[in-house]
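In: Fold the following, please.
(one chain, ligands or ions: 1)
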Amino acid sequence: MSTTIRIFSGIQPTGVKHLGNYIGAIRQYVASQDDGHPFICIVDLHSITVAHDPAELRESTLSVAALLFAAGLDPERSTVFVQSHVSAHPEAAWLLGSVTSFGELRRMTQFKEKADQQEFVSAGLFTYPVLQAADILLYQTDVVPIGEDQRQHVELTRDVAERFNARYGETFRLPRAVFPEVGARIMDLQEPERKMSTTGGTAQGTLLVLDPPEAIRKKLRSAVTDSGRDIVRSPDKAGITNLIEIMSVATDKEPEAIESRYDGEGYGTFKQEVGEAVVSLLEPVQRRYEELRSDEAELRRLIALGAENARAASAPTLEAMYERMGVAKP
Ligand code: TYM
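Out: Got it, this is the predicted structure:
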């Protein structure tokens, strides 16, 4: 087994990706190419656990792939692939389902939150974290770059891996979640007490990576702040704290530097400048995205290449799982 660190993360192809996904996760995937070879999985099999439109899912799977490459994932230094193209994922999930308890799954906060939003709560939504554990463990992953909301799922993955190793012999490496120092939880711009999300947030408060510049400026200009005047991070200033974090990431400066730079300035000026900074941050990504979308054959070629790499990388672990569990394969 190679000694380079193994990096794995997943992203759903539902909805259009938002600034929270970009800051909390995609940026980290790109940066991780300096530390190792990241496997980044577009998790379409996770997205079917809630009501969805098949045509939209098909389209957004390609769209997210293009976005990942546009953000800077290099097909030579990373493996970007679609979950359903690698059948080891659902197979491993079935096997791991036997070492995951009902009680563990019932405690998952993402399940509780999502179940509350559904008319029909599928069994797939309940067992979703088992598939996530399979994703991660199949690649002997060391590091999982994620946003704060996925912390519990990676903790469960470690517990499941430890249980499997204890019952059937050492099979999996134990993965560790890593979070960005700033921006692990980007909040809704209109309701800064809740996280930015295309499924659970407000339309005006969710800044999409592909929003045109005018929409970006408008959403930031109308971001909800408090009635004070100081541009400082504080638990009772959720809106301003969020904007400081966004500005910090967009300009690559420490949050403290943003606070001193805007000391004495009004909220209006600050929000306007955050708008400009985010436009500059996303503009090159949007441009590359458009280029990639105009060459669908090339995009499909890159995804097929990713699937091939991912199949080869995951096959030995799946085989070991079957064998250790005593499941006879021909
Ligand atoms: P998903 O598609 O909801 O989100 C993708 C990534 O974006 C992060 N994120 C955020 N970060 C900061 N602020 C926010 N407001 C925000 N919203 C989302 C998420 O933490 C995530 O890192 N279950 C996962 C997908 C998944 C996965 C995996 C992740 C499937 N298998 C294996 C890691 C490893 C999900 O639904 O992410």
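
In: mind checking pLDDT for the nearest residue to Arg221 once chain neighbours are set aside?
Out: Spatial nearest neighbour of Arg221, excluding adjacent residues (CB to CB, 6 or more residues apart in numbering): Lys271 at 5.4 Å. (C-beta placed from N, C-alpha, C; glycine too.) You'll see Lys271 listed with a pLDDT of 97.

In: Provide a list of residues in contact with Lys271.
Out: The contact partners of Lys271, taken as CB atoms under 8 Å, 6 or more residues apart in numbering, are 220-221, 223, 225, 243.

In: Distance-wise, check it relative to the ligand.
Out: Per CB to the nearest ligand atom, to the nearest Å, Lys271 is found 19 Å from the ligand.

In: And for Leu282?
Out: Distance of Leu282 to the ligand, given as CB to the nearest ligand atom: 15 Å.

In: Just the pLDDT for that residue.
Out: For Leu282, the pLDDT comes out at 98.

In: Then Thr4?
Out: With respect to pLDDT, Thr4 scores 84.

In: and if you look at Asn242?
Out: 98.

In: so where do the helices sit in the protein?
Out: In the chain, the helices defined using DSSP state H lie at 19-21, 27-32, 44-47, 54-71, 88-96, 102-106, 109-117, 123-137, 151-168, 213-221, 238-251, 255-261, 267-293, 296-325.

In: Deepest in the core, which of the ones you listed is it.
Out: Of all those, helix 19-21 carries the top mean neighbour count, a mean of 26, counting by mean count of other CB atoms under 10 Å.

In: and that one, how far out from the chain's middle?
Out: The chain centroid and the centroid of helix 19-21 are separated by 8 Å under CA atoms, centre = their mean, to the nearest Å.

In: shift numbering so it begins at 347
Out: Got it, first residue is 347 now, which makes that one helix 365-367.

In: Mean confidence (pLDDT) on that helix, please.
Out: Per-residue pLDDT values over helix 365-367 give a mean of 96.

In: Can you name the residues in contact with it?
Out: Helix 365-367 is contacted by residues 357, 493, 531-532, 541-543, 552-555, 592, 624 when judged by CB under 8 Å, 6+ apart.

In: Span of stretch 447-459 from start to end?
Out: In stretch 447-459, first residue to last residue: 19 Å (CA to CA, to the nearest Å).

In: what does it rub up against?
Out: Outside stretch 447-459, the residues that touch it by CB under 8 Å, 6+ apart are 471-476, 495-496, 498-499, 502, 505-506, 546.

In: try 10 Å
Out: Stretch 447-459 has contacts (CB atoms under 10 Å, 6 or more residues apart in numbering) with 395, 443, 460-461, 467, 471-476, 478, 495-499, 501-502, 505-506, 509, 543, 545-546.

In: Out of those, which are close to the ligand?
Out: With CB under 6 Å from any ligand atom as the criterion, those include 478, 495-496, 499, 543 near the ligand.

In: Near the ligand, which residues of this structure? Just list them.
Out: When proximity is defined as CB under 6 Å from any ligand atom, the chain approaches the ligand at 354-358, 366-367, 370-371, 389, 392, 478, 481-482, 490, 492-493, 495-496, 499, 530-532, 541-543.

In: The contacts of helix 365-367 in strands, which ones?
Out: If you go by DSSP state E, these have Ile357 in strands.

In: Specify which member of the contacts of helix 365-367 is nearest to Val428.
Out: Among the contacts of helix 365-367, Ile357 lies closest to Val428 (CB to CB), at 10.9 Å.

In: That closest one contacts Ser409, correct?
Out: No. With contact defined as CB atoms under 10 Å, Ile357 does not count as touching Ser409 (11.5 Å).

In: Give me the common contacts of these two.
Out: 363, 388.

In: What is the neighbour count of the nearest residue to Phe354 once chain neighbours are set aside?
Out: Take Phe354 and drop its neighbours on the chain: the residue closest to it by CB to CB, 6+ apart is Thr487, 4.0 Å away. The number of residues packed near Thr487 is 24, by other CB atoms under 10 Å.

In: dump the residue contacts of Thr487.
Out: Contact analysis of Thr487 by CB under 10 Å, 6+ apart lists 351-355, 384-385, 481, 500, 503, 507, 518-522.

In: closest point of the stretch 397-546 of the chain to the ligand, which residue?
Out: Gly493 (2.4 Å; CB to the nearest ligand atom).

In: In space, what's closest to that residue - neighbours in sequence excluded?
Out: Closest residue in space to Gly493, ignoring its immediate chain neighbours: Gly370 at 3.1 Å, by CB to CB, 6+ apart.

In: Would you agree that neighbour is in contact with Glu527?
Out: No. Using CB under 10 Å, Gly370 is not in contact with Glu527; the gap is 11.4 Å.
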